[in-house]
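Asks: Kindly generate the corresponding structure for this input.
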Amino acid sequence: MKNTLYLATIEAGKILKQSFKKEFKIESKDIISNLVTEVDRKSEAAIIEIIRKEYPEHYILTEESGAIITDSETKWIIDPIDGTINYAHGIPICCVSIGVEKSGELILGAVYNPFMDELFFAEKNCGSFLNEKRIKVSNENDIRKSLLVTGFPYNTSKSPQSELRIFSKVLSVDIPVRRIGSAALDLCWTACGRFDGFWEFNLNPWDVAAGTLIVTEAGGNITGLGGELYSIYGKQILATNGLIHQDFINLANE
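Replies: Residues are numbered from 1 along each chain as shown. Sure, this is the predicted structure:
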């Protein structure tokens, strides 16, 4: 499966790069700021074709097409462009993200930003890698010295209290925060130590399936925002280097 995962991720990345900053159709989904482009759909179709050729019996869950449901215990979880708004505006901070789940456990994950030529990869119990070089989370143990990253849901205006409350608490103690617009890259950049931690609300499985495995295999810790057991099918996430994890939970829940 690793070879198929690599091939699908790289081929989809080529599609992103070929169409970048060119004219393509852009539509809104449920709300006006939640975009989908024809490149999302081309990327997704290419990924599905590669997977189905080798594993026609496998379950597939994608952002744009939904689910191809089978009885298989193996599920491919696909985001053809994570960071579509960035992509649509010519910002090269976006990626292809593919995770593989077997019997409810993530076993493989790949995230590829073709514009930086960075391919993150993880296999269960085998570590995490960036362009085939092993990566580890940062060793920062003082949350006041950490660099954090977050994102906001498209519908923050409907229930901004939790999102803004935690954001305000972090800023109130002068911790620097970035917002790059791709949850998959937020996780990968935490895994390789560029960020010390990441939190967000209202994510979907395709946003985080690959990235969560990459973080944990790089030595990081992932829970819900209250420290509860995390699931990619949940709606909130806290991913850190582990050393600042409890301090963030304490801060967020004061």
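
Asks: How many residues are close by the nearest residue to Leu213 once chain neighbours are set aside?
Replies: Using C-beta to C-beta, 6 or more residues apart in numbering and skipping the chain neighbours, the partner closest in space to Leu213 is Gly109 (3.9 Å). C-beta here means a position set from N, CA and C on the backbone, and glycine is covered the same way. Residues lying near Gly109 (other C-beta atoms under 10 Å) number 32.

Asks: got the phi/psi numbers for Gly109?
Replies: Main-chain dihedrals, Gly109, degrees, to the nearest 10: phi -150, psi 140.

Asks: Start the count at 9 instead of 1 going forward.
Replies: Okay, residue one is now 9; in that scheme the one you just asked about reads as Gly117.

Asks: What strand or helix carries Glu171?
Replies: Secondary structure assigned from DSSP states H and E places Glu171 in helix 169-180.

Asks: scratch that, Ser105 is what I was asking about
Replies: Per DSSP H and E: Ser105 is located in strand 103-110.

Asks: And the host helix or strand of Tyr14, what's buried?
Replies: For Tyr14, the host element (DSSP H and E) is helix 10-27. Neighbour-count burial for helix 10-27 flags 12-17, 19-21, 23-24, 27 (criterion: 16 or more other C-beta atoms under 10 Å).

Asks: about what we covered before: verify the stated contact: the residue nearest to Leu221 with Val216.
Replies: No: using C-beta atoms under 8 Å, Gly117 is not in contact with Val216, being 9.6 Å away.

Asks: what about the stretch 9-158 of the chain, any weak spots by pLDDT?
Replies: 38, 41 (pLDDT under 70).

Asks: the helices in it, which residues?
Replies: Using DSSP state H, counting those that start in this stretch, the helices of the stretch 9-158 of the chain run over residues 10-27, 46-62, 92-96.

Asks: Next, format those helices as JSON lines and append distance to Arg173.
Replies: Below are the helices of the stretch 9-158 of the chain laid out as JSON lines (distance: least, C-beta to C-beta, whole Å):
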{"stretch": "helix 10-27", "distance to Arg173": "35"}
{"stretch": "helix 46-62", "distance to Arg173": "32"}
{"stretch": "helix 92-96", "distance to Arg173": "24"}
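
Asks: Which of the ones you listed sits closest to Asp79?
Replies: helix 46-62 (15.5 Å; C-beta to C-beta).

Asks: From the chain's centroid, how far away is the closest one?
Replies: Centroid displacement of helix 46-62 relative to its chain, using C-alpha atoms, centre = their mean, to the nearest Å, is 18 Å.

Asks: and if you look at stretch 216-226?
Replies: 8 Å.

Asks: One more: stretch 84-91?
Replies: 8 Å.

Asks: For the residue nearest in space to the middle of the chain, what is the enclosing helix or strand?
Replies: Ranked by distance to the mean C-alpha position of the chain (C-alpha atoms, centre = their mean), the top residue is Ala192 at 1.9 Å. Ala192 is part of helix 191-199 when elements are defined by DSSP H and E.

Asks: got a list of contacts for that helix?
Replies: 87, 90-91, 101-103, 105, 119, 121, 126, 128, 130, 136, 138, 143, 145, 157-159, 188, 203-206, 208, 211, 215-216, 218-220, 222-223, 225-226, 228, 247-249 (C-beta atoms under 8 Å, 6 or more residues apart in numbering).

Asks: Of those, grab the buried ones for PyMOL.
Replies: Here is the PyMOL selection string for the buried members of those, based on 16+ other C-beta under 10 Å:
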select buried, resi 87+90+91+102+103+105+119+121+126+128+130+136+138+143+145+157+158+159+188+203+204+205+206+208+211+215+216+218+219+220+222+223+225+226+228+247+248+249
